[in-house]
Structure formats: structure tokens, C-alpha cells
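> Prediction below, plus the sequence it came from.
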Amino acid sequence: MQLTEDIRQKVLIFQRTEITEYHIYSRLAKKIGSPENAKIIQQIADDELRHYHGWRKYSGQEIPPDRFKVWFYYFVSLVFGFTFGVKLMEGGEAAAQKKYAEIAGVIPEAAQFQHEENIHEEQLIGMLDEERLRYAGSVVLGLNDALVELTGALAGLTLALQNGKLIALSGLITGIAASLSMAASEYLSTRSEKTDKQPVRAAVYTGIAYIITVTLLVLPYLIMPKNFYVDLIIALTTSVIIIAVFNYYISVAKGESFRARFVEMAGLSLSVAAFSFIIGYFIRMWLGIEV
């Protein structure tokens with residue numbers, strides 16, 4: 001079949017996408033703990049390879065995989081979880097899949113390939129049930145509480161104490177005590193809910209998320225104790241970055257709106273910080289404390 005140059009270039013793009021995804025899925029199939037899920041992933045990889053050969057029949061050209069994407073998505077899947085890696089990859093290829101319909105009139109197999117890609121997506125969604133996503137609520141609890149509570153505490157302490165080391169000391173004591181309290185609360189809450197989540201793991205996820213957040217927020221005060229106002233700005237900026245990164249992860253893995261979640265968490269955290277900063281000023285004036 002004689003193809004126009006425009007159609008041929010699209011076929012080559014599809015070819016590269018298919019062979020790239022074949023290598024990604026093949027590597028991931030070897031790392032999946034569940035034999036049943038590994039079998040599904042390998043079947044998807046085999047279908048991608050078959051699609052590649054189907055496109056090659058029309059292009060008449062061998063195309064190598066995108067090695068960067070192969071290693072990137074493989075690494076992301078290992079570090080951040082199979083669910084996140086696959087959803088991120090499928091989202092990146094969504095635009096390319098829309099072009100299948102544009103050439104279906106010229107290449108009949110295009111419609112069939114697109115149908116099979118949709119089936120792949122349904123299969124993947126059906127098997128995505130990772131521990132880190134089941135406990136996402138516990139992580140949200142730890143992150144959100146640490147961000148709201150500690151940004152507020154640090155803002156109030158910054159104006160009240162005006163001493164980097166004292167602020168860091170107070171923040172660490174407050175943060176560590178609160179993390180243990182939140183972990184214990186999450187344990188009791190999960191135990192009473194009688195869900196498939198294990199109470200101890202839920203508590204650990206909550207506590208770790210809290211401790212990591214506390215450490216990152218207090219760190220500027222330990223590094224630059226004399227520039228406490230700058231430290232506060234860095235801490236608030238860090239909190240916004242943490243909120244953005246975590247909500248991006250959840251929005252990709254769970255298919256939820258990034259903007260809505262980010263605005264809600266960031267707005268709440270920064271509002272509490274601003275209010276606490278004002279409260280710290282009035283308390284300092286009321287008690288007449290000069291540190």
C-alpha cells in the first residue's frame with residue numbers, strides 16, 4: 001500500500017510507541033510480585049509487539065525503541081510504584097492514540113489496534129491495587145496535619161521567639177510529639193474501621209509522612225539560624241512544593257484533579273500559617289517577651 005508522507009510519519013510514531021511500550025511492559029512483568037498480574041502485563045507487552053509488527057508492514061522500516069522512555073518509566077515504576085508509572089505512561093501516550101482514528105480509513109488495522117489499547121487500559125485499571133495507594137489516605141493524614149500544624153507553629157514561633165535555634169528546637173519537639181500522636185490516632189482509627197488496611201502499617205505511613213515533613217520544614221532553621229524570616233519563607237515554599245509533588249502523584253495514580261487538591265491543601269496550610277504569624281505577634285506584644 002502506498003502511503004502519503006504524512007500517514008507514513010504517523011505510522012512510524014505509532015511503531016516507536018508500540019516497541020517502546022513492549023520493552024517497558026516486558027521489564028515490569030518481571031518485577032510484579034503477583035504471578036497473575038505479571039501474566040497480564042506480559043500479555044499486554046506481547047500485544048504491543050504484535051502492533052509494532054503490524055505497523056511495520058505498512059512502513060516497511062524497523063524502528064528502535066525510545067531507550068530514554070524505557071528506562072525512565074521503568075525507574076519511575078520501581079521508585080514510585082507500578083500504578084503511578086503505568087498511569088503516567090498511559091497519560092503521555094493518550095494524545096498519540098487519538099490519531100489512530102485519523103488513519104483508520106487508510107489502514108483498517110488502526111481501529112483494531114486502538115480497540116485493543118483500550119482493553120489494555122481497562123485491564124491495567126482492574127489490577128492496580130498497590131499497598132502505597134491503599135494507604136494513601138494515611139499519608140495524606142500525616143502530610144496534611146504536619147503541613148497545617150507545623151507551618152502554623154513555625155510562623156507563630158518565628159515572630160514570637162525570633163531565634164532560629166529556639167524555633168528549630170520548639171518545632172522539632174512539637175513535630176515529633178505530634179507525629180507519634182497522629183500515628184497512634186491512625187492506628188486506633190484504622191482498627192475501628194475494620195477495613196483491609198493493617199492498623200500498624202497505616203500508623204507507620206502516617207508517622208513517617210509526618211516526620212519527613214517536619215524535618216524538611218525545620219531544616220532551614222538549623223542551617224541558617226540567624227535568618228529566621230528567610231527560614232520561614234523557605235519553610236513555607238517547601239510546604240507548597242511538598243503539597244504540589246504529593247498531589248501530582250495522587251492525581252496521576254488515582255486519576256483525580258490536581259488543581260482542586262493542590263489549591264485546597266496549599267490554601268489551608270498557608271492560611272493557618274498567616275493566622276498563626278499574627279497570633280504570635282499579638283501574644284509576644286501581650287506578654288512583653290523579648291528573646
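Okay, I see it. Numbering: from 1, shown residues only.
> contacts and neighbour counts: CA atoms only from here.
Fine.
> How far away from the center of its chain is the helix or strand containing residue 42?
Element membership for residue 42, per DSSP states H and E: helix 35-59. For helix 35-59, the separation from the chain centroid amounts to 27 Å (computed by C-alpha atoms, centre = their mean, to the nearest Å).
> Quickly list the domain ranges of this structure.
Segmentation of the chain into domains, based on automatic domain parsing, reads 5-129, 132-287.
> Which other helices and strands does the helix holding residue 42 contact?
Contact partners of helix 35-59 among helices and strands, from 3 or more C-alpha pairs under 8 Å, 6 or more residues apart in numbering; DSSP states H and E: helix 5-29, helix 109-127.
> Need the winner for burial among those.
Of all those, helix 5-29 carries the top mean neighbour count, a mean of 20, counting by mean count of other C-alpha atoms under 10 Å.
> Helix 35-59 and that one, what's the angle between them?
160 degrees (axes from the mean of the first three to the mean of the last three C-alpha atoms, to 10 degrees).
> separation between residue 111 and residue 202?
Per C-alpha to C-alpha, to the nearest Å, residue 111 is found 45 Å from residue 202.
> picking that back up, the helices and strands packed on helix 35-59: lowest mean pLDDT?
Lowest mean pLDDT within the helices and strands packed on helix 35-59: helix 109-127, at a mean of 71.
> Nearest the middle, which residue of this protein would you pick?
Geometric centre of the chain, nearest residue: residue 249, 1.5 Å, by C-alpha atoms, centre = their mean.
> residue ranges with poor pLDDT in the stretch 101-250 of the chain?
The model of the stretch 101-250 of the chain has pLDDT under 70 over residues 101-102, 104, 120-138, 141, 194-195.
> how about the helix or strand harbouring residue 222: buried residues?
Secondary structure assignment for residue 222, by DSSP H and E: helix 199-223. By neighbour count on 16 or more other C-alpha atoms under 10 Å, the buried set for helix 199-223 is 199-211, 213-214, 217-222.
> If we ignore the residues flanking it in sequence, what's nearest residue 89?
Closest residue in space to residue 89, ignoring its immediate chain neighbours: residue 73 at 6.9 Å, by C-alpha to C-alpha, 6 or more residues apart in numbering.
> same question but for residue 31, I mixed them up
Excluding the flanking residues, the one nearest residue 31 by C-alpha to C-alpha, 6+ apart is residue 38, at 7.8 Å.
> For burial, what's the neighbour tally of the one you found?
For residue 38, the neighbour count with other C-alpha atoms under 10 Å is 18.
> need the helices and strands packed on helix 35-59 in TSV with distance to residue 269, can you?
Formatted as TSV, these follow (distance: least, C-alpha to C-alpha, whole Å):
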stretch	distance to residue 269
helix 5-29	38
helix 109-127	32
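> Ok, which of those comes nearest residue 169?
helix 5-29 (44.6 Å; C-alpha to C-alpha).
> Residues touching the closest one, excluding its own?
If you take C-alpha atoms under 8 Å, 6 or more residues apart in numbering as the criterion, helix 5-29 is touched by 37-39, 41-42, 44-49, 51-53, 55-56, 58-59, 63-67, 69-71, 73-74, 77, 82, 93, 96, 103.
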